[in-house]
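J.: Show me the folded form of this:
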Amino acid sequence: MTVAEFEQWQLPLDDACRYDIWDGEVIEMAPAGANHGRVAMSLGSLVHVHAQRHRLGHTYAAETGFVLDEVRQRVLGPDVAFVTRSRVPAGSQGGFFRGAPDLAVEVRLPSNSAREMATKAHGYLAAGTRLVWIVDPDSRTVTVYRPDRSPVELASEGYLDGYDVLPGFRVAVAAIFDV
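T.: The predicted structure is shown next:
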């Protein structure tokens, strides 16, 4: 499926699934469980409040499609995304966001393999995302991906940093899970 076809795709009203496309292949994702949603909302709220307080940009929910590559037909909808103010188009924008988010957050489901999550993280980075957080509620860890650096896994006692993407953002990893 192409990005244009995907963008125009009309789903039945009773379809509760989410979809991405990767290399033109439609990937169906079942609705997430309660813990997944709680963790995603917790982190998304923290990012949103910080971004708004410091007028850094916009935070996006999981339903937002980001076109990572029109040629390779790649559209992903991270669980939480952030785009710096300088990259947000003026006025309202219909359809998917054209380009990668500056921050992509993916909350791992029990059905997601570590390899699958790493592939997604590297896909975001290749498209221009500057910071990716892979959040694992089961192990209570966050793996941080940045361009030209090895991934770093943070345990509950660690601190998640926004670096130059979200300047001044710092939160205890445990706080994401202990809401």
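
J.: what about the protein, any weak spots by pLDDT?
T.: Under the criterion of pLDDT under 70, the regions of the chain flagged as low confidence span 11-17, 91-93, 179.

J.: quick one, helices of it?
T.: Counting by DSSP state H, residue ranges of the helices within the chain are 3-8, 34-53, 114-127, 173-177.

J.: Can you point out the buried residues in the first one?
T.: What that stands for is helix 3-8. When neighbours are counted by 16 or more other C-beta atoms under 10 Å, the buried residues of helix 3-8 are found to be 3, 6. The C-beta positions use only the backbone N, C-alpha and C, and glycine is treated the same way.

J.: What is it packed up against?
T.: strand 18-22, strand 74-76 (3 or more C-beta pairs under 8 Å, 6 or more residues apart in numbering; DSSP states H and E).

J.: just to revisit the earlier point, let me know which of the helices of the chain is the nearest to residue 162.
T.: Residue 162 sits nearest to helix 34-53 of all the helices of the chain, at 7.3 Å, using C-beta to C-beta.

J.: can you list contacts of the closest one?
T.: Residues outside helix 34-53 that contact it (C-beta atoms under 8 Å, 6 or more residues apart in numbering) are 32, 56-59, 61-62, 79-80, 82, 103, 105, 107, 109, 133, 135, 137, 162, 166, 168-169, 171, 175-177, 179.

J.: same thing with stretch 102-109?
T.: Under C-beta under 8 Å, 6+ apart, the answer for stretch 102-109 is 29, 32-33, 36, 39-40, 43-44, 47, 57, 66, 76, 78-84, 87, 117, 120-121, 124, 129-138, 162, 165-166.

J.: mind checking how far it is from the chain centre?
T.: Put simply, stretch 102-109 sits 4 Å off its chain's centre (C-alpha atoms, centre = their mean, to the nearest Å).

J.: Would you mind checking the contacts of helix 34-53 for buried ones?
T.: By the neighbour-count criterion of 16+ other C-beta under 10 Å, the contacts of helix 34-53 include these buried positions: 32, 56-59, 62, 79-80, 82, 103, 105, 107, 109, 133, 135, 137, 162, 166, 169, 171, 176-177.

J.: my guess is residue 69 meets residue 129, correct?
T.: No. Assessed by C-beta atoms under 8 Å, residue 69 is found out of contact with residue 129, at 12.0 Å.
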